[in-house]
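Q: Show me how the following folds:
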Amino acid sequence: MKFCDILLFKNMSEQEITQMNKSKFMKKRIYAKNTHIYHMGDVIDSVGIVLSGNVIIENIDIWGNKSIISYANEGEIFAETYALSQTPMMVDVVCAECCEILFINLKNALKPENSNQPWYPKFMNSLLMLSSQKNLALSRRIFCTSSKAVRTRVLAYLSEESVKADSTDFEIPFDRQQMADYLNLDRSALSKELSKMKSDGILDYRKNHFVLLDTETDL
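A: Next up, the predicted model:
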């Protein structure tokens, strides 16, 4: 993925991106599938950008129960709040597949001496915008998991993904176990409900590909 296609570098010229790269607070790393990029408890100073692959942001409590909090696909950022606040992480960041990650050390990038650089205000604006979007995504997850009913959670989530795709025919970023973890559901309960919804003519699916058939269904 080219740097100019990354939302964090939106409105920057190639010269400005090159200037940032030469400042030595950007580095790339490649990770194998299921590798941890960050662990719970880490104190970090770098925001991550997915150049290829995708990552899962998850929480595992002391009893071993896993919840998927969020995810980051190609071109998206992660861990920006922790990098800015310097507070210990409450989540793990794990590669869902082989990934190439670009790290930007915010502690160095946002030093006062860089504020007169032409890239600085554009970078700050994009960082603020993307951080706000991530906060909205977390709010949407709360909405998807607030109901006690399995079907309501599934419909809320699939409705959100349909709106994002601007289509009733779309793919979600999760396999079945990950979808269950994201919605705080037991996998067998989720699979059973999806099967019922398919029989009821509400939707059709194959793996992570979904088609909503009855969009008049009440939540």
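Q: need the longest helix for the chain.
A: In the chain, assigned by DSSP state H, the helix with the most residues is helix 120-145.
Q: which parts of that one are buried?
A: Within helix 120-145, the residues scored as buried using 16 or more other C-beta atoms under 10 Å are 120, 122-123, 126-127, 130, 134, 140-141, 144-145. Every residue, glycine included, has its C-beta placed from N, CA and C.
Q: And stretch 75-89, by the same measure?
A: When burial is assessed from 16+ other C-beta under 10 Å, stretch 75-89 yields the following buried residues: 75-80, 82-84, 89.
Q: can you pull the contacts of Val91?
A: 38, 40, 57-59, 69 (C-beta atoms under 8 Å, 6 or more residues apart in numbering).
Q: give me that answer again for 10 Å
A: 38-40, 42, 56-60, 67-70, 78-79, 82 (C-beta atoms under 10 Å, 6 or more residues apart in numbering).
Q: cool, and Lys134?
A: 57, 70, 72, 76-81.
Q: what's the farthest-apart pair in those residues?
A: Spatial extent of those (C-beta to C-beta) is set by the pair Glu76 and Thr81 at 14.0 Å.
Q: Out of the contacts of Lys134, list just those in helices.
A: Among the contacts of Lys134, the members falling in helices (DSSP H) are 80-81.
Q: closest to Ser199 among the contacts of Lys134?
A: Proximity of the contacts of Lys134 to Ser199 was ranked by C-beta to C-beta; the top entry is Ser70 with 31.3 Å.
Q: Surely the closest one is in contact with Ala137?
A: Yes: the criterion here is C-beta atoms under 10 Å, and Ser70 meets it with Ala137 at 6.0 Å.
Q: And the strands in this structure?
A: For the chain, the strands defined by DSSP state E occupy 26-31, 36-38, 46-52, 55-60, 66-72, 77-78, 92-95, 99-105, 169-171, 203-206, 209-212.
Q: got the contact list for the shortest one?
A: Meaning strand 77-78. Applying C-beta under 10 Å, 6+ apart, the contact partners of strand 77-78 are 6-8, 37-38, 47-50, 55-57, 70-72, 83, 91, 93, 101-102, 104, 126-127, 130-131, 133-134.
Q: what do you get if the cut-off is 6 Å, keeping everything else the same?
A: The contact list for strand 77-78 (C-beta atoms under 6 Å, 6 or more residues apart in numbering) reads 8, 47-49, 72, 93, 130.
Q: May I see the PyMOL selection of the buried members of those residues?
A: Per 16+ other C-beta under 10 Å, the buried members of the contacts of strand 77-78 correspond to this PyMOL selection:
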select buried, resi 8+47+48+49+72+93+130
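Q: From the contacts of strand 77-78, pick the one nearest Met1.
A: Sorting the contacts of strand 77-78 by how near they are to Met1, with C-beta to C-beta, puts Ile49 at the top with 8.8 Å.
Q: so what's that closest one bridging to?
A: In this entry, Ile49 is beta-bridged to Ile77, Leu102, by DSSP bridges.
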